[in-house]
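K.L.:
need coordinates for the following:
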Amino acid sequence: MKRREFLKTSIVASAVTGLGAPGLTAAVADKAAAANLEHYELRAYRLKAGASHELLDGYLEKALIPGLNRLGCKPVGAFVQQERTGAPAGTEVRDESVVFVLIPYPSFESFATAGARLAADEGYQNAGAAYLQTPKTASAYDRIDSWLMRAFVGMPRLEQPVYSKEKKTRMFEIRTYESHSEFKALKKIEMFNSGEIDVMHEVGLGPIFYGQVLVGRDLPHLTYMLSAENQEAHKEHWGAFGKHPVWNKMKNDPQYADTVSHITNRFLAPTAYSQI
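P.N.:
Below you'll find the model as predicted:
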């Protein structure tokens with residue numbers, strides 16, 4: 001095995017077996033590595049109360065996103081949270097002053113080297129100078145949260161419906177499913193790969209990505225993003241999903257019982273410069 005292939009397989013194996021789930025073998029890691037799965041970074045730029053978005057928006061639009069595109073990371077999404085009331089029981093909706101950035105990486109290696117490559121990118125440094133060199137008294141954000149994810153085998157690449165590619169009116173829902181154990185978290189991913197993703201496509205929920213969270217807060221969990229042209233259409237698509245016979249059979253399958261202990265969802269609106 002070539003060194004690069006060995007490293008890729010080792011990275012996948014470490015991420016999977018590091019969860020400590022029983023029954024997983026090297027063959028599982030090999031399968032994931034062979035699928036050449038994308039990796040995703042979800043960043044949450046937490047702004048100070050009442051702070052302006054102007055400095056951060058300028059950096060994202062003119063420096064970070066073009067710089068990442070030059071590294072082969074595209075499309076890059078940037079979103080703000082929409083207010084919503086009447087959330088379903090058992091679902092947490094957070095209303096924070098946050099700008100979310102979704103970055104797809106072609107490989108783990110591209111994620112690992114992105115920071116150094118941007119630091120050496122003169123165009124990025126010049127375009128982002130105001131943000132990168134801002135004084136402590138005028139920082140663009142309070143803190144940045146970040147999660148590293150690996151795509152599911154059932155959807156190894158980020159996808160965009162036509163309305164998203166053409167940047168028409170659109171909305172997004174990002175959902176996080178926490179699990180009470182590492183094994184149950186992997187079983188929920190298996191459930192998605194075994195038919196749940198297909199049903200979501202079929203009923204028009206417009207999946208953007210599915211990610212197993214490898215590094216970040218609140219592990220173990222997975223995160224995925226759905227889309228629609230508007231809230232009304234999105235609600236209809238969820239209704240069709242809930243009635244779908246494949247989904248109803250899967251949710252009553254004992255092997256998938258108790259795979260999710262907590263759900264967080266957010267409705268997001270794309271910024272003017274979002275590529276998703």
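K.L.:
which stretches of the stretch 101-250 of the chain form strands?
P.N.:
143-151, 171-178, 209-215, 221-228 (DSSP state E, counting those that start in this stretch).
K.L.:
can you redo these as JSON lines with mean pLDDT and distance to Lys188?
P.N.:
All C-beta atoms are positioned from the backbone trio N, CA, C, and that covers glycine. Conversion of the strands of the stretch 101-250 of the chain to JSON lines gives the following (pLDDT from 0 to 100; distance: least, C-beta to C-beta, whole Å):
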{"stretch": "strand 143-151", "mean pLDDT": "97", "distance to Lys188": "14"}
{"stretch": "strand 171-178", "mean pLDDT": "97", "distance to Lys188": "6"}
{"stretch": "strand 209-215", "mean pLDDT": "97", "distance to Lys188": "10"}
{"stretch": "strand 221-228", "mean pLDDT": "98", "distance to Lys188": "6"}
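K.L.:
what is the burial count for Phe209?
P.N.:
25 (other C-beta atoms under 10 Å).
K.L.:
same deal with the one 4 residues further on?
P.N.:
Counted with other C-beta under 10 Å, residues neighbouring Val213 total 22.
K.L.:
what sits against it?
P.N.:
Counting by C-beta atoms under 8 Å, 6 or more residues apart in numbering, Val213 touches Trp147, Leu148, Met149, Leu219, Pro220, His221, Leu222, Thr223.
K.L.:
most neighbours out of those, which is it?
P.N.:
Met149 (26 neighbours).
K.L.:
ok, and the closest non-adjacent residue to it?
P.N.:
Excluding the flanking residues, the one nearest Met149 by C-beta to C-beta, 6 or more residues apart in numbering is Gly211, at 2.9 Å.
K.L.:
give the bridge partners for that neighbour, please.
P.N.:
Ala151, Thr223 (DSSP bridges).
K.L.:
I figured it hits Tyr224, correct?
P.N.:
Yes: judged on C-beta atoms under 8 Å, Gly211 makes contact with Tyr224 at a distance of 6.6 Å.
K.L.:
with distance to Ala51 added, can I get the strands of the stretch 101-250 of the chain in a markdown table?
P.N.:
Converted to a markdown table, the strands of the stretch 101-250 of the chain look like this (distance: least, C-beta to C-beta, whole Å):
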| stretch | distance to Ala51 |
| --- | --- |
| strand 143-151 | 12 |
| strand 171-178 | 22 |
| strand 209-215 | 27 |
| strand 221-228 | 26 |
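K.L.:
of these, give the one that comes closest to Val76.
P.N.:
Among the strands of the stretch 101-250 of the chain, the nearest to Val76 by C-beta to C-beta is strand 209-215 (12.2 Å).
K.L.:
quick one, that closest one and strand 221-228 angle?
P.N.:
In terms of direction (axes from the mean of the first three to the mean of the last three C-alpha atoms, to 10 degrees), strand 209-215 departs from strand 221-228 by 160 degrees.
K.L.:
quick check: angle from strand 209-215 to strand 143-151?
P.N.:
120 degrees.
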